[in-house]
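# what follows is a predicted protein model with its sequence.
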Amino acid sequence: PGYYLFFLSVPLISFCERLGRKKLTPRFGNGKKWSPYGILCIITTSLFVQYMIQPFQLLAYDWAVINWKNYYFIGHILAVAFYVVVSQLPTPKKKEA
């Protein structure tokens, strides 16, 4: 059913989130939640959660796949593209205290 699709899709988003926190936050984040980067992260997270949770709410495998087909699997495609592109960036060096 649909909740299996949800739980199988969550690791992809989780990997992207960890990669973004490791490689992008040191470059753009200034530690403030309401910075432009912080607001972009909040909006992106909200949209991806809404996209991924739909199969969980639909419960049926067929309905879930039809739903994601209507979105052209854009959430999955963007997540894979994000992972491929950001993983190629060099990791910023940690600032010494």
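Perfect, thanks for sending it. Residues are numbered from 1 along each chain as shown.
# what about residue 9, how many residues nearby?
21 (other Cβ atoms under 10 Å). In short, each C-beta sits where N, CA and C put it, glycine included.
# same question, residue 68
Residue 68: 20 neighbours (other Cβ under 10 Å).
# distance of the spatially closest residue to residue 3 that is not a sequence neighbour from residue 2?
The shortest distance from residue 3 to any non-neighbouring residue, by Cβ to Cβ, 6 or more residues apart in numbering, is to residue 56 (4.8 Å). Residue 56 sits 6 Å away from residue 2, going by Cβ to Cβ, to the nearest Å.
# and the helix or strand hosting residue 81, what does it pack onto?
Element membership of residue 81 [criterion: DSSP states H and E] is helix 74-87. When contacts are defined as 3 or more Cβ pairs under 8 Å, 6 or more residues apart in numbering; DSSP states H and E, helix 74-87 sits against helix 2-23, helix 36-58.
# pipe the ones you listed into a markdown table and attach mean pLDDT and distance to residue 84 per row.
Below are the helices and strands packed on helix 74-87 laid out as a markdown table (pLDDT from 0 to 100; distance: least, Cβ to Cβ, whole Å):
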| stretch | mean pLDDT | distance to residue 84 |
| --- | --- | --- |
| helix 2-23 | 92 | 10 |
| helix 36-58 | 92 | 17 |
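# make a markdown table from those helices and add distance to residue 78 to it.
A markdown table is the format used below for these (distance: least, Cβ to Cβ, whole Å):
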| stretch | distance to residue 78 |
| --- | --- |
| helix 2-23 | 9 |
| helix 36-58 | 8 |
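# out of those, flag the one nearest residue 94.
Closest approach to residue 94 among these is made by helix 2-23 (10.7 Å; Cβ to Cβ).
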